[in-house]
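Asker: curious how this folds, go ahead:
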Amino acid sequence: MNYRSRLVLSLLPLLLSKTARAQEGWPDRPVRLVVPFPAGGSTDAQGRLLAKHLSRMWNQSVIVDNRPGAGTILGSNVVAKANPDGYTIGMVVSAHVINPFVHSTLPYDTLKDFAPVSQIGVQHIVLAANPALPANNMKELIALAKAKPGSLNYASPGAGTALHLAMEMLNVKAGIQITHVPYKGGAPAQQDVLGGQVPLLVDIYSASLPLLKAGRLKALGLFSPSRPAIIPDVPAISETVPSVATMSLVGLVAPAATPPAIVSRISNDITTLLKDKQLYNELFDQGLDASGSTPAQFDQLIRTEMRKWEPIVKAAHIKIS
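Answerer: Model (predicted):
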């Protein structure tokens, strides 16, 4: 063994001790939470609730950093390139697992450049319609689409989103072709469906709920695997087309080399917060069906979702860039 090797071995316990002490004292300064959407949207509201509760728990500020753009790619890239010291974490949604298949290149590797931290929950996706549409349930919609191929359109908040892909899944599995009309956000998509320019809307259920309650839209079905207990009156699309089921996932990731002890700490703290129900109820009011997970469970979910979406993207011939 040469001198350099002996020196490294002699210093290793000291280096490990310093790393352990740094992790024990974490966080000793503000933590940044990157939200890949502009301020004011549902994911931003959920992130700010999470930041508020984590700030109280950690006795440190958790600062929301909005980095919108490119279907969440810009925000995710900020997280991937950040110093992996536990002081930058980021929110991800279903676009995180869809983007590798709808974009030719990404500035990061979805599986290698992030450390999954925890699932935060899921959002239910609804297929709604203008009341004038002569179909009141999924069976009638599918019959109408087959009788008039290519004549129906649906609006979504954007190309490459979980909502867009959910509807393309229905197209593929039901053997129909309802044409996608992408919008820059949920609000303009809703407005054109309300105005009758587009007959169908795929949206986050909570975002459309006021319009559904007012009778300005009618719900045809939920993309949830089964009828959620919280939405018992809207049928699941899988009751008509058994293989169609998905929800919009929300979770937290960190840069890939973030110390596992810190990743586990954040995950455990989120689970603790959700158990006392205050954060759970506040997230529920923002349209999120909250649930924590271990880092390993969230990693497995990400991989499972990627395997689910890849064949759908290929079958629907979706390419954004």
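
Asker: doesn't T110 make contact with R303?
Answerer: No: distance between R303 and T110: 9.7 Å, which falls outside the contact criterion (CB atoms under 8 Å). (C-beta placed from N, C-alpha, C; glycine too.)

Asker: the more surrounded of these two?
Answerer: T110 (20 against 14; other CB atoms under 10 Å).

Asker: you'd agree S291 is up against L274?
Answerer: Yes: counting by CB under 8 Å, S291 touches L274, with 7.1 Å between them.

Asker: who has more neighbours, these two?
Answerer: L274 (21 against 17).

Asker: any stretches of the chain with poor pLDDT?
Answerer: By pLDDT under 70, the low-scoring segments of the chain are 1-23.

Asker: longest strand in it, please.
Answerer: Across the chain, the longest stretch assigned as strand under DSSP state E is strand 114-123.

Asker: quick check: neighbours of it in the sheet, parallel or antiparallel?
Answerer: Sheet pairing of strand 114-123 (DSSP bridges) gives strand 248-255 (antiparallel), strand 289-290 (antiparallel).

Asker: centre of the chain to that strand, how far?
Answerer: Relative to its chain's centre, strand 114-123 lies at 8 Å (CA atoms, centre = their mean, to the nearest Å).

Asker: how much does the next helix or strand after that strand deviate in direction from strand 248-255?
Answerer: Downstream of strand 114-123, the next assigned helix or strand under DSSP states H and E is strand 125-129. Strand 125-129 and strand 248-255 are oriented at 140 degrees to each other (axes from the mean of the first three to the mean of the last three CA atoms, to 10 degrees).

Asker: and the contacts of the following helix or strand past strand 125-129?
Answerer: Proceeding N to C from strand 125-129, the next assigned helix or strand is helix 138-147, under DSSP H and E. Identification of contacts with helix 138-147 by CB atoms under 8 Å, 6 or more residues apart in numbering yields 127, 129, 133-135, 152, 174-178, 200, 220-221, 235, 237, 239-241.

Asker: just those residues: which are in helices?
Answerer: A174 (DSSP state H).

Asker: show me which of the contacts of helix 138-147 are buried.
Answerer: The neighbour count (16 or more other CB atoms under 10 Å) marks 127, 129, 133, 135, 152, 174, 176, 178, 200, 220-221, 235, 237, 240-241 as buried among the contacts of helix 138-147.

Asker: still on that earlier bit, deepest in the core, which of the strands paired with strand 114-123 is it.
Answerer: strand 248-255 (a mean of 25; mean count of other CB atoms under 10 Å).

Asker: next structured bit after that strand?
Answerer: helix 260-275.

Asker: tell me the angle of that next one relative to strand 114-123?
Answerer: Using the same axes, to 10 degrees: helix 260-275 against strand 114-123 is 10 degrees.

Asker: which strands and helices sit next to helix 260-275?
Answerer: helix 3-24, helix 42-58, strand 114-123, strand 248-255, helix 295-316 (3 or more CB pairs under 8 Å, 6 or more residues apart in numbering; DSSP states H and E).

Asker: what residues does that helix touch?
Answerer: Contacts for helix 260-275 (CB under 8 Å, 6+ apart): 23, 26, 50, 53-54, 57-58, 86, 89, 115, 117-118, 120, 252, 254, 279-280, 290-295, 298.

Asker: how about that helix as CSV, C-alpha atoms only?
Answerer: As requested, the backbone C-alpha atoms of helix 260-275 are provided in CSV (Å, rounded to 0.1, in the frame of the first residue of the first chain):
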residue,chain,number,x,y,z
PRO,A,260,-29.7,8.7,1.6
ALA,A,261,-30.1,9.6,5.3
ILE,A,262,-31.5,13.0,4.3
VAL,A,263,-33.8,11.5,1.6
SER,A,264,-35.2,9.1,4.2
ARG,A,265,-35.6,11.9,6.8
ILE,A,266,-37.7,14.0,4.3
SER,A,267,-39.8,11.0,3.4
ASN,A,268,-40.4,10.0,7.0
ASP,A,269,-41.3,13.6,7.9
ILE,A,270,-43.8,13.8,5.1
THR,A,271,-45.4,10.6,6.3
THR,A,272,-45.6,11.9,9.8
LEU,A,273,-47.2,15.2,8.7
LEU,A,274,-49.9,13.3,6.6
LYS,A,275,-50.8,11.0,9.6
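
Asker: before I go, just wanted to say thanks for your time.
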